[in-house]
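J.: Generate coordinates for the sequence data below:
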Amino acid sequence: RRKEGRERRKDWREGRKERRERKKEGREGRKEREEGGRERRKGEKEGRERRKEGREGRKEREEGGRERRKEEQGRRQSGRCLGGV
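T.: The predicted structure is shown next:
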């Protein structure tokens, strides 16, 4: 027999609860697998710092690039002025 609406919804909700629990367990397991969440967090922090250093390097690179860009822009504008005549 087919379950009526309320019954079907109840069963679906139960299944959903179970699925959510299983998902949470999987997440906890992953943390334990990676030598305790704390160590992983420390690794993430190091990665973040490394990323920051990369960003600083990019800024320094772009400072030279910025001057170059200014020159190019000046050239482009002069070209545009000539083109407008």
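J.: Give me the buried positions along the helix or strand in which Trp12 is found.
T.: Here Trp12 sits within helix 5-33, counting by DSSP states H and E. Neighbour counts over helix 5-33 (16 or more other Cβ atoms under 10 Å) mark no residue as buried. Yep, even glycine has a C-beta here, placed from its N, CA and C like the rest.
J.: Check which helices and strands it sits against.
T.: Using 3 or more Cβ pairs under 8 Å, 6 or more residues apart in numbering; DSSP states H and E, no helix or strand is in contact with helix 5-33.
J.: Just the mean pLDDT for it, thanks.
T.: For helix 5-33, mean pLDDT rounds to 82.
J.: Next: stretch 47-56.
T.: For stretch 47-56, mean pLDDT is 71.
J.: contacting residues around that stretch?
T.: Contacts to stretch 47-56, defined as Cβ atoms under 8 Å, 6 or more residues apart in numbering, come from no residue at all.
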